[in-house]
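J.: have a look at this prediction, sequence included:
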Amino acid sequence: MMRSWPIMICLMVTAAGAQGQSQQPTAPPRCTAPESRQFDFWIGEWNVTDQMTGQHAGESHIEKLYGGCVLRENWSSDGFRGGSLNTWWKGDGKWHQSWMDQAGAFRHFVGGLSGKQMIMTAEQPDPRDAAKHILVRLTFTPNADGTVRQYSDFSRDSGKTWQFRYDYLYRRMD
């Protein structure tokens, strides 16, 4: 007795392929809202200087991906690597940044534009006492000369007072 099912499978696959060819592919959605472009000033190849010491702090590559919806940061400094994914989410109308690095750190920052500054804050366990939380804030400021300042501070009292973390200046690579 001959089996006919392999021929039927072949015909079904061919028919399914023919049906797929008649449908026009739809373009993937793109992030075209003006808010999706608010952080574009950070896109580029950067040499980063610690403004407190004047020393080289690292290098950063920031690019726009995924239909213009995401900024991806790749950070490197002496012996250290990390990065973030950044997006404006229309669900809450805020910018979100997820930072991860080779030390296993993870922070989820949330915020948005305040004037010309992009300000985002994350809540995380306090490294000195895991039962408590601290706020970590990032402030990105585009400067008239094309540089970008990234200032970071933290608060152990729910934002009443803030303490310095770092102050970086991003200069475009030549």
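T.: Done, it's in. Numbering: from 1, shown residues only.
J.: who touches the helix or strand containing residue 170?
T.: Using DSSP states H and E, residue 170 maps to strand 163-172. Identification of contacts with strand 163-172 by CB atoms under 8 Å, 6 or more residues apart in numbering yields 42, 44-52, 57, 60, 136, 146-156. To be clear about C-beta, it is placed using only N, CA and C from the backbone, and glycine gets the same treatment.
J.: and these, which are buried?
T.: Buried by 16 or more other CB atoms under 10 Å: 42, 44, 46, 48-49, 57, 60, 136, 148, 150-151, 153-156, out of those.
J.: low pLDDT regions in the chain?
T.: 1-22, 27-29 (pLDDT under 70).
J.: all strands of it, in order?
T.: 44-50, 56-65, 70-77, 80-89, 94-101, 106-114, 117-126, 129-142, 148-155, 163-172 (DSSP state E).
J.: turn those strands into JSON lines, including distance to residue 34.
T.: What follows is these, written out as JSON lines (distance: least, CB to CB, whole Å):
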{"stretch": "strand 44-50", "distance to residue 34": "20"}
{"stretch": "strand 56-65", "distance to residue 34": "15"}
{"stretch": "strand 70-77", "distance to residue 34": "15"}
{"stretch": "strand 80-89", "distance to residue 34": "9"}
{"stretch": "strand 94-101", "distance to residue 34": "13"}
{"stretch": "strand 106-114", "distance to residue 34": "11"}
{"stretch": "strand 117-126", "distance to residue 34": "14"}
{"stretch": "strand 129-142", "distance to residue 34": "16"}
{"stretch": "strand 148-155", "distance to residue 34": "20"}
{"stretch": "strand 163-172", "distance to residue 34": "23"}
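J.: count of neighbours near the closest residue to residue 52 other than its chain neighbours?
T.: Spatial nearest neighbour of residue 52, chain neighbours left out: residue 167 (5.8 Å); criterion: CB to CB, 6 or more residues apart in numbering. By the measure other CB atoms under 10 Å, the count of residues near residue 167 is 17.
J.: for residue 167, list each beta-bridge partner.
T.: Applying DSSP bridges to residue 167 gives these bridge partners: residue 151.
J.: can you tell me how far it sits from residue 135?
T.: According to CB to CB, to the nearest Å, residue 167 and residue 135 sit 18 Å apart.
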